[in-house]
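Participant: Predicted model follows, preceded by the sequence.
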Amino acid sequence: MIVRNWMQQNPTLVDGDTLLAEAKRILTEHNLQALPVIEGGRLRGMVTRQHCLRAAHFVSRTQNPDEYHFFANRLKVKDIMVRNPATLQATDTMEECLRRGQELGVGQFPVMDGGRVVGVISSKEIFSLAAHFLGAWEKRCGVTLGPMEIKAGTIGRIADLVEGAGAEVQAIYPIARGEDGGNGRPHERKVIVRFHAVEAKKVVAVLEAAGFRVLEYVDTKCDEKP
């Protein structure tokens, strides 16, 4: 999964002299999370919806007419933007995007290609990625197994058991929380299985009988395929 295929393309750009009130209007009207700030054709910063909301909240709390006037007519993007923001390349992977976002505590990145800003990755795109992975718009049943050590043949065995229970496998995702799997066991992973079936409980029973630990399951009456 490459960033170029998931990013918000042709992003709206502003310059440092743009009034913050105008940036707030653009973000709100276009339902954006961030605006790259460009000066002289180069990326200089990033202003986010959160920056604008914080400034507006401060002004509203003071209830000072002079503060209102300053916010509306003088406060500029360059006064509060994040300078030299962390960026991604259009050719980076979404895995790299997620890793860097977690490490840096950043919820949005300008995306660069040849020194130009060609896109933005924000929480909106991250949620879209997660929704596609989990089949949020489809009627799927699911089970979460584990934690377990993933060896050669483990995923294939799980798929065979689920299909042997009369289900149609849609996706299998081994996941971990952190490098140690979140529990001090570096080789163990939970496994999420998404499938279509008449009854999820039958799949659960087969997996448990084979020795897999079922942590949770979801039955969405997924025999009614979209």
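Facilitator: Great, that's in hand.

Participant: and after the lowest-mean-pLDDT helix or strand in the chain, which helix or strand comes next?
Facilitator: Least confident helix or strand of the chain, by mean pLDDT, DSSP states H and E, is helix 65-73 with a mean of 67. Remark: after helix 65-73, the chain's next helix or strand is helix 77-80, criterion DSSP states H and E.

Participant: Let me know the average pLDDT across that following helix.
Facilitator: Helix 77-80 shows a mean pLDDT of 91.

Participant: Just the CA coordinates for that helix, please, in CSV.
Facilitator: The C-alpha atoms that make up helix 77-80 are tabulated as CSV, following Å, rounded to 0.1, in the frame of the first residue of the first chain:
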residue,chain,number,x,y,z
VAL,A,77,-1.1,31.4,9.5
LYS,A,78,2.6,31.9,9.9
ASP,A,79,2.1,33.1,13.5
ILE,A,80,0.9,29.7,14.7
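
Participant: From the contact counts, what lies against the helix or strand following that helix?
Facilitator: Note on helix 77-80: by DSSP H and E, the next helix or strand toward the C-terminus is strand 82-83. Packed against strand 82-83, as judged by 3 or more C-beta pairs under 8 Å, 6 or more residues apart in numbering; DSSP states H and E, are the following elements: strand 42-48. Glycine gets a C-beta too; all of them are placed from N, C-alpha and C.

Participant: where exactly do the strands run in this protein?
Facilitator: Secondary structure of the chain (DSSP state E): strands located at 8-9, 34-39, 42-48, 82-83, 88-89, 108-113, 116-122, 141-149, 168-175, 188-196, 214-218.
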